[in-house]
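In: got a sequence here, can you build the structure:
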Amino acid sequence: MKITPNQLSDNIFEMISDRWMLITAGDRRKANTMTASFGGFGVLFFKNVAHIYVRPERYTYEFLEKKDTFSLSFFSPEFKSKLAYCGKASGRDEDKIAKCGFHVLYDADETPYFDEAQITVLCKKLYRQDISRDCFTDSTAFEKTYSSGGMHRMYIGEITDIIKR
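Out: Next comes the predicted model:
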């Protein structure tokens, strides 16, 4: 069933930090997903938005750069091991979506998302920007997050639909 952002009553902090989410982009020909525990929801540019953060070395980054839409999928706790796998395995090396047994669905824009998700947030990109060391006002946050790996790119997407099962 489709709901509005105002009808989303789940604890978004728990959903992102404890249960995690899958960020998915692509189309019917090819898609990729990755697990994330960074992100948020709010109002920006007079729109309901989600913001996500993806490092350029992640395979999903390529799909986010090519496509105007992406999905965020939230699952019940019994899927945690599959989400952990999607965070470690690379879609460059294998079809991790099939390996996890997820069934891919598509919206009208061909944005991929998962039938097994409890909550799916469909987004259209509005803005992107690379995180910069020069903009940190808290050096410990920088050091903790970027001791290894590349800097994230932030994507802000307008929430176009929310599907709750």
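In: quick one: the strands in this protein?
Out: Listed in chain order, the strands found in the chain under DSSP state E are 2-3, 21-26, 31-36, 40-44, 47-54, 69-74, 104-106, 112-114, 119-130, 153-164.
In: partners of the first one in the sheet?
Out: Looking at strand 2-3 with DSSP bridges, its partner strands are strand 153-164 (antiparallel).
In: same question for the fifth one.
Out: If you go by DSSP bridges, strand 47-54 pairs up with strand 40-44 (antiparallel), strand 153-164 (antiparallel).
In: just the third one next, same as before
Out: Strand 31-36 sits in its sheet next to strand 21-26 (antiparallel), going by DSSP bridges.
In: what's the angle from the partner strand to strand 69-74?
Out: Taking axes from the mean of the first three to the mean of the last three CA atoms, to 10 degrees, one finds that strand 21-26 is oriented at 150 degrees with respect to strand 69-74.
In: chain center to strand 21-26: distance?
Out: In terms of CA atoms, centre = their mean, to the nearest Å, the centre of strand 21-26 is set 5 Å apart from its chain centre.
In: can you check stretch 91-105 too?
Out: The chain centre lies 15 Å from the centre of stretch 91-105; the measure is CA atoms, centre = their mean.
In: buried residues in it?
Out: 91, 96, 97, 100, 102 (16 or more other CB atoms under 10 Å). (Glycine included, C-beta is placed from N, CA and C.)
In: repeat that for stretch 54-70.
Out: Here stretch 54-70 shows 54, 58, 59, 60, 61, 62, 63, 64, 67, 69, 70 as buried, counting by 16+ other CB under 10 Å.
In: show me the contacts for the second one.
Out: Residue 58 makes contact with residue 34 under the criterion CB atoms under 8 Å, 6 or more residues apart in numbering.
In: for residue 140, find the nearest of the strands of the chain.
Out: When those are ranked by distance to residue 140, counting by CB to CB, first place goes to strand 47-54 at 17.8 Å.
In: which residues touch that closest one?
Out: With contact meaning CB under 8 Å, 6+ apart, strand 47-54 is reached by 5, 23, 34, 36, 38-44, 60-61, 64, 70, 72, 121, 123, 126, 131, 152-159.
In: and stretch 116-123, by the same measure?
Out: Residues from elsewhere that reach stretch 116-123, judged by CB under 8 Å, 6+ apart: 8, 10, 15, 22, 41, 49-50, 69-76, 79, 102-103, 107, 111, 113-114, 157-165.
In: now do the contacts for the spatially most central residue of the chain.
Out: Using CA atoms, centre = their mean, the residue of the chain that lies closest to the mean C-alpha position is residue 23, 2.6 Å off. Taking CB under 8 Å, 6+ apart as the criterion, residue 23 is in contact with 33, 34, 35, 36, 52, 54, 60, 64, 70, 71, 72.
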